[in-house]
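Novice: below are the sequence and a predicted model; questions follow.
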Number of protein chains: 2
Amino acid sequence: MARAPRTTVRKAPTQARAQETVETILAATARVLARDGYDRASTNKVAEAAGVSIGSLYQYFPSKEALVSALIERHMSRMLQVLTDAGAALPLGGTVRQATRQIIAASYAAHRVNPKLHRVLLEQVPRIGTMGSIDTFEERTLTLVEAFLSMHASELRRSNLKLAAKVAVLAVRGTTLYCVLRSPELLYEEEFIDEVTDMIVRYLEA
Amino acid sequence: MARAPRTTVRKAPTQARAQETVETILAATARVLARDGYDRASTNKVAEAAGVSIGSLYQYFPSKEALVSALIERHMSRMLQVLTDAGAALPLGGTVRQATRQIIAASYAAHRVNPKLHRVLLEQVPRIGTMGSIDTFEERTLTLVEAFLSMHASELRRSNLKLAAKVAVLAVRGTTLYCVLRSPELLYEEEFIDEVTDMIVRYLEA
DNA sequence: CCAGAATGTGAGCTACCGCTCGCTTTCTGT
DNA sequence: ACAGAAAGCGAGCGGTAGCTCACATTCTGG
């Protein structure tokens, strides 16, 4: 009588139709999350907002957490892509100031990927199991900066470059966080980025 | 037949016994929040963890939100107190560096009020109606810094002091946030505070 | 064209949620 | 000592949450 514990393997969508459904569901998730907050957002509401049956939702996402998790994952991977691209485009020859500004600008660019969603995720979504993607973003940034600093070690006044990298990254992060939460238009202000760059350069440069 | 809409005025606890009950409930709220996260934390669980009946809980807190809200409010007002005290103790005669260091140290001190709880609130609690207390903390900090900067305007190289104050505050905030979320012991490291101070002073000073 | 796989549906189950209320126990002032 | 106020109790109500499953519909390859 004991029933086998129902493997419940969610299918990866193969047909275009299914891909669209998944997209629609994720978009609706973002909307409902923004409207109702995490704990008032129910999977039924999401399905309804997506114009999709609740069964379809559970065909692709095994739980509410998985659903939100997928949204986060997708968003963070897009941000990471922007950061990585900009990092790869770093010219090797410029001054420390130029390069610093470019790295900071890259971080700002990454935060320009759907800042509204980013804000909702920060404000409404309690830390969930798989928030690893956020850590990945932070670690990647730190790695990038550390590499950059050790390349220009001779031009810098800091001895403990790891510490300097961390402090610099955290300081910039403080500003991007504020932008996302309170003042998204600041993400586009070149002057603001200049100001932040100036602070970091003065901190680092000999 | 229509019943008057039940005023449901929660009594303020007057007896010592009741005060203790309220304390116990708030402490239990923090524990359950840490253990289960916001949406899995139920008022029933909180009551059970507090060793108090669910009825008693609702005698003092009219809703789950109010409960969590009270916890936040209390925590933030304690942090604010620490900040304010330290701000009031600012010596008028010192160097910019000394004063800056003191303000930053004050912010760190404020974050040393129960950083574990602070982390839980940041990570687990989605933004709730009355999160005003957090804004109050930020605004107070900014006001303090702005006042400080305009007092020492002649010794600084910035022309736009409001902007400088904001950037400086956000940068420091980035570091405290990291400490609270990932590395609480850093809140006690004088060297780390020195490093951050150095960054800010170099940014501000002529 | 059609068989079977992929996709989509939604009524409805269980479980637990936030919360109330009639009651008992403890405290306080006189 | 005792009356009334304050504090504490917990079974249980109405509701909704997350999620399943038996079924209908659409797509795809041969």
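Specialist: Thanks, I have the structure now.

Novice: now the residue lying closest to A:Ala164 once chain neighbours are set aside: phi and psi?
Specialist: Of all residues not flanking A:Ala164 in the chain, A:Arg158 sits nearest, at 4.0 Å (C-beta to C-beta, 6 or more residues apart in numbering or on different chains). All C-beta atoms are positioned from the backbone trio N, CA, C, and that covers glycine. A:Arg158 adopts backbone torsions of phi -80, psi 140, taken as degrees, to the nearest 10.

Novice: name all residues that make contact with A:Arg158.
Specialist: Counting by C-beta atoms under 8 Å, 6 or more residues apart in numbering or on different chains, A:Arg158 makes contact with A:149, A:164, A:204.

Novice: A:Ile72 contacts A:Gln124, correct?
Specialist: No. At 11.3 Å, A:Ile72 and A:Gln124 do not qualify as touching, with contact defined as C-beta atoms under 8 Å.

Novice: for the contacts of A:Arg158, which entry has the maximal number of neighbours?
Specialist: Most neighbours among the contacts of A:Arg158, by other C-beta atoms under 10 Å in any protein chain shown: A:Leu204, with 25 neighbours.

Novice: these two touch, right, that one and A:Thr95?
Specialist: No. In this structure A:Leu204 lies outside contact range of A:Thr95 using C-beta under 8 Å: 11.9 Å.

Novice: tell me the spacing between the closest residue to DNA strand C within chain A and DNA strand D.
Specialist: Nearest to DNA strand C, among the residues of chain A, is A:Gly55, at 1.9 Å (C-beta to the nearest atom of the strand). Distance of A:Gly55 to DNA strand D, computed by C-beta to the nearest atom of the strand, to the nearest Å: 4 Å.

Novice: need the pLDDT of that residue.
Specialist: For A:Gly55, the pLDDT comes out at 97.

Novice: in contact with A:Ala168, which residues are there?
Specialist: Applying C-beta under 8 Å, 6+ apart, the residues near A:Ala168 are A:145, A:200, A:203-204, B:199.

Novice: which of those are close to DNA strand C?
Specialist: Applying C-beta under 7 Å from any atom of the strand, the subset of the contacts of A:Ala168 adjacent to DNA strand C is empty.

Novice: in strands, which of these fall?
Specialist: Per DSSP state E, strands hold no members of these.

Novice: buried ones in the helix-or-strand element of chain A with minimal mean pLDDT?
Specialist: The helix or strand of chain A with the poorest confidence is helix A:132-151; it has a mean of 90 (mean pLDDT, DSSP states H and E). Residues of helix A:132-151 classed as buried under the neighbour-count rule (16 or more other C-beta atoms under 10 Å in any protein chain shown) are A:133-134, A:137, A:141-142, A:144-146, A:148-149.

Novice: got it, and stretch A:111-120?
Specialist: A:111-113, A:115, A:117-120.

Novice: ignoring the adjacent residues along the chain, who's closest to the residue nearest to the spatial centre of chain A?
Specialist: In chain A, the centroid-proximal residue (C-alpha atoms, centre = their mean) is A:Met76; its distance is 3.4 Å. Nearest non-adjacent residue to A:Met76, counting by C-beta to C-beta, 6+ apart: A:Ser133, 3.7 Å away.

Novice: what do you get for A:Ile200?
Specialist: A:Ile200 sits nearest to A:Ala168 (C-beta to C-beta, 6+ apart), 5.2 Å away.

Novice: what parts of chain A come near DNA strand D?
Specialist: Counting by C-beta under 7 Å from any atom of the strand, chain A sits next to DNA strand D at A:6, A:8, A:15-17, A:40-45, A:54-55, A:58, A:62-65.
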